[in-house]
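**Q** Here is the input, now give the coordinates:
(one chain, ligands or ions: 1)
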Amino acid sequence: MNSLHLYNSLTNKLEKFEPIDPNNVRMYVCGPTVYSSPHIGNARPLVVFDVLFRLLREIYSNVTYVRNLTDVDDKINKRAFERKISIKELTDEVIAEFHKSTNQLNVLPPTHEPRATFHINEMLDIISLLIKNEFAYVAEGHVLFRVKKLSNYGQLSKRTVEDMIPGSRVEVAPYKEDPLDFVLWKPSRENEPSWDSPFGKGRPGWHIECSAMSSKYLGKQFDIHAGGQDLIFPHHENEIAQNFGAFGSLMANYWVHNGLLSVDNQKMSKSLGNIISLDEILQKYDGEIIRYILLSTHYQKTLNWTDQVINQAKSALNRLYGALSSATEIYDDVDLESKVVVALCNNLNTPLALHQLMEITNEIYKEDNQIKKNKLCSFLKKEAKILGLLSRTNWFKRDAKLSEDEIISLLRERTKAKSEKNFQKADEIRNYLLKNKIKIEDTKDGPIWKVASD
Ligand SMILES: [Zn+2]
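**A** So this is what the prediction gives:
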């Protein structure tokens, strides 16, 4: 069996992965806040941890993967108000779009995808436990986490309490015992969603939802907690604090974080106007192209999004699909050892895994024996599946300007012209097809066609 190694942000070390229960490997990833389509930076953890999920399923018989949906947040309230629709209407709409996008990206549905607002009682239970354990206190309708009571607060972000004290210009709410204390529950303003609680009508802070949903579906302590690097502080630090305060245990043993994404070497930001929404990019490019790009840089590094990487991903996929299309049959059973799994077991080395696909592809192009070609193509398809690639059945045909029926009827006409020795007409048809980016290749079994890549 391959042994998986992952870089653990908690210990800052590459560690051998040893699950608490090998018969049920458990992973939690912080999902999106559903107020509008996520940007491509938010798509990175979706794809990276989908590959980790697929890998874990290759190695272990049972994997439980939870990715939540944050559907209570100030941004949601603001957006719903601007659009003059209810919060429920907005979040339902954004969740439906989000699922469409994850499908296009070939991201598998997690085992559970809980919504925060469906777990208010679970959050209130943990808040009560925290108060009982004196890790939280009630003040003016708020419930706050008492950060200084936790001696190892800052263990994930490697910050000291002194580093975290807000500057003198930041106004500290008067009801806080200490500026570092963070909100578990707060009163709702008018027109904001609110729930009854022992502390008055209000709504949860952000961090508590992940403690509530992870402990419900995965238990108080589980194997992997993952997400974007930007979530380390304060979100993940506070999740760790909450679980420790409520249950007295470490939330997760392995903390895995993906690096950020820049566009043309610049940080994506509203002020630069370079934010690329996932929705938009998926209207322009096949989801597998986007997926390929997101896997082409190692997950811990910053991924730089440029037109060049889009073109590289496109031509790489054209080459892979081109090789695959030379198979006359795909076999279910291929007795070759996976090199993709080996690459991924080494801290999710996706660039190496993609390189392995290319190596098989080079062999396919060189191979003359059709049976051996089929075998290699079957292997390629199997290897690519672990990365969630090569799932399309119409890769080349999808860009065609002519419909498949039109192409087939033109090909028939050309064959007929040739048999009548009307070579001028046959050439005209070939040129017409070529103008429409359809390339014909004559084989002993008749002509085959492909969409020419640019
Ligand atoms: Zn979270």
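
**Q** any low-confidence regions in the stretch 51-200 of the chain?
**A** 166-170 (pLDDT under 70).

**Q** In it, mark out all the strands, start to finish.
**A** 63-67, 136-139, 142-145, 182-187 (DSSP state E, counting those that start in this stretch).

**Q** Which of these sits closest to the ion?
**A** The ion lies closest, by Cβ to the ion, to one member of the strands of the stretch 51-200 of the chain: strand 63-67, at 9.7 Å. C-betas here are computed from N, CA, C, even on glycine.

**Q** quick one, domains of this protein?
**A** 5-258, 285-386, 397-451 (automatic domain parsing).

**Q** Select, out of these, the one closest to the ion.
**A** Short answer: domain 5-258, nearest of those by Cβ to the ion, at 3.3 Å.

**Q** Does the closest one reach the ion?
**A** Yes: using Cβ under 5 Å from the ion, domain 5-258 reaches the ion at 30, 210.

**Q** Wait, Lys439 touches Ala452, no?
**A** Yes: using Cβ atoms under 8 Å, Lys439 is in contact with Ala452, at 4.5 Å.

**Q** Switch the domains of the chain over to TSV; also include mean neighbour count.
**A** Below are the domains of the chain laid out as TSV (neighbours: other Cβ atoms under 10 Å):
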stretch	mean neighbour count
domain 5-258	19
domain 285-386	18
domain 397-451	14
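
**Q** List just the one of the ones you listed that sits closest to Gln266.
**A** Set against Gln266 and scored by Cβ to Cβ, the domains of the chain come closest in domain 285-386, at 9.3 Å.

**Q** And the helices in the stretch 51-200 of the chain, which stretches?
**A** Applying DSSP state H, counting those that start in this stretch to the stretch 51-200 of the chain gives helices spanning 74-83, 87-104, 120-132, 161-164.

**Q** Mind checking these for the one nearest to Pro45?
**A** Using Cβ to Cβ, the helices of the stretch 51-200 of the chain put helix 87-104 closest to Pro45, at 11.6 Å.

**Q** neighbouring contacts of stretch 176-189?
**A** When contacts are defined by Cβ atoms under 8 Å, 6 or more residues apart in numbering, stretch 176-189 is touched by residues 123-124, 127, 130, 136-137, 139-148, 153, 161, 164-166, 170, 172, 194, 197, 199-205, 207-208, 234, 238, 242.

**Q** switch to 6 Å and redo it
**A** In this structure, residues lying in contact with stretch 176-189 by Cβ atoms under 6 Å, 6 or more residues apart in numbering are 127, 136, 141-145, 147-148, 164, 166, 172, 194, 199-200, 202-205, 208, 238.

**Q** and what of stretch 233-240?
**A** So stretch 233-240 is contacted by 156-157, 182, 207, 210-211, 251 (Cβ under 6 Å, 6+ apart).

**Q** among those, which two are most distant?
**A** Ser157 and Ser211, at 16.9 Å, using Cβ to Cβ across these.

**Q** For Tyr432, which three-state class applies?
**A** State at Tyr432, reduced to three classes by DSSP: H, G, I helix; E, B strand; the rest coil: helix.

**Q** Name the nearest residue to it, sequence neighbours excluded.
**A** Nearest non-adjacent residue to Tyr432, counting by Cβ to Cβ, 6 or more residues apart in numbering: Leu410, 7.2 Å away.

**Q** In what element of secondary structure is the one you found found?
**A** helix 404-419 (DSSP states H and E).

**Q** That helix: how far from the chain's middle?
**A** 44 Å (Cα atoms, centre = their mean, to the nearest Å).

**Q** Ok, which of the strands of the stretch 51-200 of the chain comes nearest His119?
**A** strand 63-67 (11.4 Å).

**Q** can you state the direction angle for the closest one and helix 87-104?
**A** Relative orientation of strand 63-67 and helix 87-104, computed by axes from the mean of the first three to the mean of the last three Cα atoms, to 10 degrees: 130 degrees.

**Q** what does strand 63-67 contact?
**A** Counting by Cβ under 6 Å, 6+ apart, residues outside strand 63-67 touching it are 25-29, 31, 53, 56-57, 110-113, 217-218.

**Q** rerun that using 7 Å as the cut-off
**A** The contact list for strand 63-67, computed with Cβ atoms under 7 Å, 6 or more residues apart in numbering, reads 24-29, 31, 53, 56-57, 110-114, 213-214, 217-218.

**Q** for stretch 206-224, same thing?
**A** Residues from elsewhere that reach stretch 206-224 (Cβ under 7 Å, 6+ apart): 19-20, 25-28, 30, 64, 66, 68, 70, 73, 112, 114, 116, 119, 122-123, 126-127, 182, 184, 235, 238-239, 242-243, 247, 249-254, 256.

**Q** Distance check, the most centrally placed residue in the chain against Arg291.
**A** Closest to where the C-alpha atoms of the chain average out (Cα atoms, centre = their mean) is Leu46, at 1.0 Å. Distance, Leu46 to Arg291, by Cβ to Cβ, to the nearest Å: 9 Å.

**Q** okay, and the common contacts of these two?
**A** Contacts common to Leu46 and Arg291, judged by Cβ under 7 Å, 6+ apart, are Leu105.

**Q** Please, where are all the helices along the stretch 351-454 of the chain?
**A** Under DSSP H, counting those that start in this stretch, the stretch 351-454 of the chain gives helices at 370-386, 404-419, 423-435.

**Q** how about the ones you listed, which one is nearest Asp286?
**A** helix 370-386 (14.4 Å).

**Q** Remind me what the closest one packs against, helices and strands.
**A** helix 40-59, helix 307-324, helix 339-345, helix 350-366 (3 or more Cβ pairs under 7 Å, 6 or more residues apart in numbering; DSSP states H and E).

**Q** distance between the third one and the chain's centre?
**A** Mean C-alpha position of helix 339-345 versus that of the full chain (Cα atoms, centre = their mean) differs by 19 Å.

**Q** what's next to it, contact-wise?
**A** 2-5, 51, 55, 58, 349, 352-353, 356, 383, 386-387.

**Q** same check, this time on the longest one
**A** By Cβ under 7 Å, 6+ apart, the residues outside helix 40-59 that reach it are 1-2, 4, 25, 27, 29, 32, 63, 65, 102, 105, 107-108, 226-228, 258, 260-261, 268, 276, 278, 281, 290-291, 294-295, 299, 303, 305, 341, 344, 348, 350, 386-388.

**Q** Let me know whether Asn374 touches Thr328 as I believe.
**A** Yes: contact criterion Cβ atoms under 7 Å: Asn374 and Thr328 qualify, at 6.1 Å.

**Q** on that earlier part again, which one among the contacts of helix 339-345 gets closest to Ile85?
**A** Val51 (35.5 Å).

**Q** Alpha carbons only: can I get stretch 341-353 in CSV?
**A** Only the C-alpha atoms of stretch 341-353 are listed here, as CSV (Å, rounded to 0.1, in the frame of the first residue of the first chain):
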residue,chain,number,x,y,z
VAL,A,341,-1.2,7.6,-6.9
VAL,A,342,2.5,7.5,-6.0
ALA,A,343,2.9,11.2,-7.0
LEU,A,344,-0.2,12.2,-5.1
CYS,A,345,0.9,10.3,-2.0
ASN,A,346,3.9,12.6,-1.9
ASN,A,347,2.1,15.6,-0.4
LEU,A,348,-0.3,15.8,-3.4
ASN,A,349,2.3,16.4,-6.1
THR,A,350,-0.2,17.2,-8.8
PRO,A,351,2.4,18.7,-11.3
LEU,A,352,4.2,15.3,-11.2
ALA,A,353,0.9,13.4,-11.6
